[in-house]
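Q: sequence plus predicted model, see below.
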Amino acid sequence: MNTYPFLLVLHLFAAFVFVGTVTFEVLFLEPVQKRLPADVRKALGGQLGPRVRAVVPWAVLVLYLAGLGMAWQYRSALASPGSSSFGLLLSIKIALASSVLVHVVVAMTLARRQRLHSALRRRVHISVFCHMVGIVLLAKTMFHLSW
């Protein structure tokens, strides 16, 4: 049985949740929060924070597990990534995704230790957002670009 379509759908839905959350935070929530009164910011963070912490780690887990399952289908291209444009682009996509995972793990660890201050959280969000823009572009182009 070919599991690739199932893994692809899981991967897309999990990416939708994760990328959507980070995009919302970077483009909308963080810029608007600066203009809100402190009590509103605190109430908003108190309501959104626990929900994000409850949903996003599961989305990340599904995203990466499904991604690993899908990458397994292309193990021959990944064995020698320089031999094809697809293999190279997929390898870059996996490297970016690995970097995002490191960002997430470090941010979660710092948050648990209460050492993730707002400026660092903002930089992590922007970095993850930029990585994800690259990942999405690669995901959409790696099947269509060749040289």
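A: Yep, that arrived. Residues are numbered from 1 along each chain as shown.
Q: tally of neighbours for residue 3?
A: For residue 3, the number of neighbouring residues by other C-beta atoms under 10 Å comes to 13. Where C-beta positions appear, they are placed from N, C-alpha and C, glycine not excepted.
Q: distance-wise, check it relative to residue 69.
A: Plainly put, residue 3 is 7 Å away from residue 69 if you go by C-beta to C-beta, to the nearest Å.
Q: show me what the lengthiest helix in the chain is packed against.
A: Across the chain, the longest stretch assigned as helix under DSSP state H is helix 38-72. For helix 38-72, the elements it packs on are helix 4-24, helix 85-112, judged by 3 or more C-beta pairs under 8 Å, 6 or more residues apart in numbering; DSSP states H and E.
Q: let's have those helices in TSV, adding distance to residue 136.
A: Formatted as TSV, the entries for the helices and strands packed on helix 38-72 read as follows, by distance: least, C-beta to C-beta, whole Å:
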stretch	distance to residue 136
helix 4-24	7
helix 85-112	9
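Q: helix or strand for residue 2, which one?
A: Residue 2 is located outside every helix and strand, with elements delineated by DSSP states H and E.
Q: show me where pLDDT drops low in the protein?
A: Across the chain, nothing is flagged by pLDDT under 70.
Q: coming back round to it: buried stuff in the next helix or strand after the longest helix of the chain?
A: Moving toward the C-terminus from helix 38-72, the first helix or strand encountered (DSSP H and E) is helix 75-79. Neighbour counts using 16 or more other C-beta atoms under 10 Å place 77, 78 of helix 75-79 among the buried residues.
Q: output helix 75-79 as PDB, nothing but the C-alphas.
A: Taking Å, rounded to 0.1, in the frame of the first residue of the first chain, the C-alpha atoms of helix 75-79 are listed here in PDB:
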ATOM      1  CA  ARG A  75      16.000   8.200  -0.300                       C
ATOM      2  CA  SER A  76      17.800   7.500  -3.600                       C
ATOM      3  CA  ALA A  77      17.700  11.200  -4.500                       C
ATOM      4  CA  LEU A  78      18.900  12.100  -1.000                       C
ATOM      5  CA  ALA A  79      21.700   9.600  -1.200                       C
END
